[in-house]
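In: When you get a sec, could you give me coordinates for this:
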Amino acid sequence: MKKFILLFLPLFLITACKQNFLDTQIRSAYDDEIFWTSGPNNLRAFGMGVYNYLKHFNRFNNNAMLASATDEADHATFSEMQRFNTGAWNAFTNPDDVWDDYYKGIRHANLFLEKSENFRSMIVVDTFSNKSAYLIDVDDFIKLRAEVRFLRAFFYMELIKRYGGVPLVVNTLNENESKAVQRSSFQECVNFIVKECDESYIDLTNHYINYGIPAGKTLGVGDGGTNNNRLGRIEKPAALALKLRALLYAASPLHNSSNDKRRWELAAAAGQQFFTDPNCVQVNFLSTNYKDLFMAQNTTNNLTPRKGANAGIIMTRPYQLNSNVFERANYPVGMANAGEGATCPSQNLIDAFETKSGKSIADPTSGYDPLKPFANRDARLEWLIVINGSTMGLNANNTARIVQSFQGGPDGVGAKEGATTTGYYLRKMCIENYDLTKAGTRAKSWVILRFAEVLLNYAEAMNEAYGPDIKPLINGVVASRSALDAINMVRKRAGQPDILAGISQSDLRQRIRNERRIELAFEEHRFFDVRRWKIAEQTENIPLSGISISNNSGILSFDKFIVENRFFEPKMYLYPIPNIEILKSNGVLTQNPGW
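Out: Residues are numbered from 1 along each chain as shown. This is a model prediction of the structure:
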C-alpha cells in the first residue's frame, strides 16, 4: 500500500488546506517557502493531493447516496438526504453543499500550478547528475500539471451543475481580492471547462501502461502486480468525456431556454471527437460484464478500472481498498452483520425497466405479467437491484443466500430496524459474494466517467441537433454514429432490442431519457438530469412507491404502496449559494432566484 499514499495523502495533508475557499493564508507547513523549495517529491505529493477532493457517491451520513433524493430510491434509516425530499433545505442547510470543499480543491490546484510553474529548474537541482531521472521527472510533472488542470475543470463542472454560474478563480487571491470576486455566467464557466479540457488533453497521457493486471495473471504473482500510484490518475479520454458532459449541460433546457440548436451541435461534435480520437480507442468499449465495472467480484480482478482491459472505464475515484462498509450497509437485513438497508431502490425505478421485448410495461403488448412482475424484464433489473428470490451474499455453509423480502420474511419491509422500506435492496456497486460474518474485503471504485455515458450524452445531443437517424457532416467528416446507433449500442449490451429507424425525435428523446435512467442508475446522474431537463417538477413531486409481497403457501402476490410523498418547487432547480459565502463577499456574490 505504500505506493498508494502519493494519490491519497494522509489526513494531516488534507486538513492542512481546509480554510475559507479564497483565503490565501495556509496555516500549515505548506505556507513555508522551505517546503516549496525542498525538492520535487514534496511538490509532486502536493499536486497529487488535488485528487483528494473527488467525492464518494456515499459521502453522506449513514452511507446515504444522492439517489435517495431522487425517484430512484429511499434511504432506509435517517439521513440528511430526506431534506431534499421534504423541501427542508436552504442557503443555511444543504445536504449536498459542496461549495466550500470544491473551492478548496480549486485553490489547492491553483497553488500547485503556481508553485510548479518552474518545475524544470527545481528538478535540475535535484537530478543534475542523472539525465534519465531528469527526463522522467519532467515528463511526470508535465502530466501532473495537466491532470491538476483537468481536476480543477472537473470541480467547476460539479459546482455549476448545482449552483449555475460561479466565480471563476484561476489563481490564489488575497483577502481583499477574494471579497471582490463576482459570479461568472453559466456559459462563461462552461467555456472555461471546455478550454481546460482541450488544453490539458495535450499533455495528459493516453494510457498509463503499468496500470492494471495483465490477462491471465494473478495479483502478486510474477508480473501480475499493479503499480498503485497510478490508480485513478487522469488520462486523455477523461478530458474529452468531460468536455462532452459540459457541453451537453449547456445545451439542456435549464441553461438553453431558447433551445439554441448550435449548442446541441457543439455537444454532438464533442462526442464525435471522442469516438474518432485514436487516444480513446482503449475505452471505446462496453464490457459484457456490467456488474464487474463497479467492483472486483473476485481476487484476481483486484482493481476496478482496468484501463486497456475492455472495460469502458474512463475515470474513477478509488474507494475503500480494504473495506466492506458499503456491503454491510446495503446487504439485505436478514444477513448477519449486515442490513442497514441504506439505499432502497424504488418501485418508480423498477417500473421504468422495459420487458425483453423492448416495450414499456404500460404497453399491453409488452408481455408484462403483473403476477410475475420481475419475469421477462430487461436484464439490468437484476444486475442493479436485489428482488425477492435473488441471491445475494453467502450463507454460513458458503452457499449463495436467497433473499426473502416478502411480508414476514427475514429481509422484508419492517423485518427489523434498517430493513428495506421499498421491498428492494441495492445490488449495483455491491460485491455479491460476501459472508459478512467473516473477514473479507475487495477493491472498489466509484465510476465517474465511462463509455456508456459518452454514448448516451452523444445520442441525446445528436437527436436534438439532427434527429434520430441522421449522420451529418461534423467538422467536414460524416458522423460515425447516429443518435439511434449510439443508444442501441448501450441497449445491445443489456440484450435489449434495437430502437428502430422511423421513430420521431420527441419519442426518441423519451427513450434516451429512460435509457439513462436505467443504465446510469445510482451514479449521481438522475438527480441532475431531471433538473437540466426541467422535468423535476413532475418526477420529484410524484410519491415514491414500494412493493409489498405476500407469500401464501408459496403463492406470491404483489401490491404497490406509497413509501412517502416528495416535494419539489421551481427554485430547487439550482442550489442556493451558501449564506456564509454571501456574507463573506459583502453582498458581491448574488443569490440564486427564490432563495
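In: rest of the way, CA atoms for contacts and neighbours
Out: Noted.
In: So which residues of the stretch 51-200 of the chain form helices?
Out: Counting by DSSP state H, counting those that start in this stretch, the stretch 51-200 of the chain has helices at residues 82-86, 99-115, 119-127, 131-163, 175-179, 186-203.
In: burial count for the spatially closest residue to N110 that is not a sequence neighbour?
Out: Spatial nearest neighbour of N110, chain neighbours left out: N171 (5.2 Å); criterion: Cα to Cα, 6 or more residues apart in numbering. Counted with other Cα atoms under 10 Å, the neighbours of N171 add up to 16.
In: Backbone torsions only: list them for S545.
Out: For S545, the backbone dihedrals are phi -120, psi 160 (criterion: degrees, to the nearest 10).
In: Tell me which residues touch the closest residue to it other than its chain neighbours, please.
Out: Excluding its sequence neighbours, the residue lying closest to S545 (Cα to Cα, 6+ apart) is I562, at 4.4 Å. When contacts are counted by Cα atoms under 8 Å, 6 or more residues apart in numbering, I562 touches 543-546.
In: Now do I562 against P318, distance only.
Out: Computed as Cα to Cα, to the nearest Å, the I562 to P318 distance reads 36 Å.
In: swap in F154?
Out: The gap separating F154 from P318 is 16 Å, by Cα to Cα.
In: ok, now E196?
Out: In terms of Cα to Cα, E196 sits 24 Å off from P318.
In: Next: L43.
Out: L43 is 22 Å from P318, by Cα to Cα.
In: Helix, strand, or coil at the residue most central in space within the chain?
Out: Relative to the mean C-alpha position of the chain, the nearest C-alpha, by Cα atoms, centre = their mean, is the one of I448, at 3.6 Å. Here I448 is strand, with the state taken from DSSP: H, G, I helix; E, B strand; the rest coil.
In: try I314
Out: Going by three-state DSSP: I314 is strand.
In: Help me confirm that the residue nearest to S545 is found in a helix?
Out: No. Secondary structure of I562 (three-state DSSP): strand, not part of a helix.
In: Which of the contacts of I562 sits closest to E327?
Out: For those, the minimum distance to E327 (Cα to Cα) is 21.7 Å, reached by G546.
In: For the closest one, which three-state class applies?
Out: What three-state DSSP gives for G546 is strand.
In: One more: K416?
Out: Here K416 is coil, with the state taken from three-state DSSP.
In: cool, N41 as well?
Out: Taking three-state DSSP as the rule, one finds N41 in the helix state.
In: and if you look at L240?
Out: L240 carries the three-state label helix when classified by three-state DSSP.
In: In contact with the residue nearest to it when sequence neighbours are not counted, which residues are there?
Out: Of all residues not flanking L240 in the chain, F274 sits nearest, at 5.9 Å (Cα to Cα, 6+ apart). Contact analysis of F274 by Cα under 8 Å, 6+ apart lists 237, 240-241, 280.
In: and which of those is nearest A269?
Out: Checking the contacts of F274 against A269 with Cα to Cα, the nearest one is L240 at 10.7 Å.
In: I'd like to know how far the closest one sits from V124.
Out: Note on L240: its distance to V124, by Cα to Cα, is 33 Å.
In: Compare these two (neighbour count), which wins?
Out: For L240 and V124, the more surrounded residue by other Cα under 10 Å is L240, and the numbers stand at 25 against 19.
In: thinking that one is in contact with A269, fair?
Out: No. If you go by Cα atoms under 8 Å, L240 and A269 don't touch, sitting 10.7 Å apart.
In: F46 is in contact with L144, correct?
Out: No. Using Cα under 8 Å, L144 makes no contact with F46, being 10.6 Å away.
In: give the contact list for the nearest residue to H108 once chain neighbours are set aside.
Out: Ranked by Cα to Cα, 6+ apart and with sequence neighbours excluded, the top spatial neighbour of H108 is V50, at 6.3 Å. When contacts are counted by Cα under 8 Å, 6+ apart, V50 touches 105, 108-109, 148, 151.
In: and the residue nearest to N110, how far is that from F154?
Out: Distance, N171 to F154, using Cα to Cα: 16 Å.
In: Please enumerate the strands of the protein.
Out: Secondary structure of the chain, counting by DSSP state E: strands at 73-75, 313-319, 343-345, 385-386, 391-394, 400-402, 425-426, 444-450, 473-474, 477-478, 544-552, 555-564.
In: Other residues contacting the fourth one?
Out: Translated: strand 385-386. Around strand 385-386, the neighbours that count as contacts under Cα under 8 Å, 6+ apart are 345, 392, 403, 424-428.
In: switch the cut-off to 7 Å
Out: 424-428 (Cα atoms under 7 Å, 6 or more residues apart in numbering).
In: which of those residues count as buried?
Out: Neighbour counting with 16 or more other Cα atoms under 10 Å marks 424-428 as buried within the contacts of strand 385-386.
In: Among those, which one sits closest to N397?
Out: Nearest to N397, judged by Cα to Cα, of these is R427 at 21.7 Å.
In: how about low-confidence regions in this protein?
Out: 1-34, 36-37, 125-129, 209-231, 295-310, 319-322, 439-443 (pLDDT under 70).
In: swap the cut-off to 80 and go again
Out: Scanning the chain for pLDDT under 80 picks out the ranges 1-39, 124-133, 174-175, 178-179, 207-232, 291-311, 318-323, 338-341, 434-435, 437-445.
In: related to what we said a few turns ago, state the distance from the residue nearest to L240 to R532.
Out: According to Cα to Cα, F274 stands 23 Å off from R532.
In: do the same with L556
Out: 40 Å.
In: for P278, same thing?
Out: Counting by Cα to Cα, the gap from P278 to R532 is 31 Å.
In: Pull the number of nearby residues for the spatially closest residue to P593 that is not a sequence neighbour.
Out: Spatial nearest neighbour of P593, excluding adjacent residues (Cα to Cα, 6+ apart): K571 at 6.4 Å. As a burial measure, K571 scores 12 neighbours (other Cα under 10 Å).
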